[in-house]
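Provided below for reference: sequence and predicted model.
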Amino acid sequence: MGKYHNTFKKGTLEMLFLKLLSENDLYGYELATLIHQLSHDLITINAGNMYPTLYKLEEKGFISSYEKVIGKRLRRVYYRITDEGMKELQEMMDDYQRITAANKTILSYHFKQGENEKIS
């Protein structure tokens with residue numbers, strides 16, 4: 001794994017959570033496992049990163065939570081995206097697409113003598 005891996009992950013974690021929650025209500029472990037599987041084991045989320053991010057999204061009104069009893073005693077906290085969260089997700093995804101396209105353009109740039117001598 002590269003040394004910049006966590007920097008990239010930190011910047012997209014909220015968007016990844018909102019995207020998956022826009023598809024289905026999920027509980028924390030399920031959310032982390034799904035991200036791990038969908039990223040082909042590249043992104044691993046631990047509880048120290050996951051729950052503060054979920055609480056922050058809930059505080060902002062982008063997600064809500066509810067408890068569900070599984071079996072006789074097990075209680076799980078499920079998260080669901082709110083209408084406000086759907087709007088935020090769309091804005092995040094739009095920004096992400098623009099930034100990704102700009103980065104791709106810059107990273108594919110090759111300077112040629114005589115071209116772009118003066119950039120303004």
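Thanks, I have it. Being a predicted model, the structure only gives us computed values, none of them experimental.

what segments of the chain are strands?
26-27, 63-70, 74-81 (DSSP state E).

out of these, which is the most enclosed?
Among the strands of the chain, the stretch with the highest mean neighbour count (mean count of other Cβ atoms under 10 Å) is strand 26-27, at a mean of 18. C-beta here means a position set from N, CA and C on the backbone, and glycine is covered the same way.

parallel or antiparallel, list what pairs with it.
strand 74-81 (antiparallel) (DSSP bridges).

how far does the partner strand sit from its chain's centre?
Mean C-alpha position of strand 74-81 versus that of the full chain (Cα atoms, centre = their mean, to the nearest Å) differs by 18 Å.

do the same with stretch 59-73
With Cα atoms, centre = their mean, you get 20 Å for stretch 59-73.

pull out the CA atoms of it and give them to me as PDB.
This file holds the C-alpha atoms of stretch 59-73, laid out as PDB (Å, rounded to 0.1, in the frame of the first residue of the first chain):
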ATOM      1  CA  GLU A  59     -25.000  15.400  13.400                       C
ATOM      2  CA  LYS A  60     -25.100  17.300  10.100                       C
ATOM      3  CA  GLY A  61     -28.500  15.700   9.300                       C
ATOM      4  CA  PHE A  62     -27.200  13.700   6.300                       C
ATOM      5  CA  ILE A  63     -28.100  10.300   7.800                       C
ATOM      6  CA  SER A  64     -30.300   9.000  10.600                       C
ATOM      7  CA  SER A  65     -30.100   5.900  12.700                       C
ATOM      8  CA  TYR A  66     -32.400   3.400  14.200                       C
ATOM      9  CA  GLU A  67     -32.100   0.200  16.200                       C
ATOM     10  CA  LYS A  68     -33.200  -3.200  15.000                       C
ATOM     11  CA  VAL A  69     -33.400  -6.300  17.300                       C
ATOM     12  CA  ILE A  70     -31.800  -9.400  15.700                       C
ATOM     13  CA  GLY A  71     -32.700 -12.600  17.400                       C
ATOM     14  CA  LYS A  72     -33.500 -12.500  21.100                       C
ATOM     15  CA  ARG A  73     -30.900 -10.000  22.300                       C
END
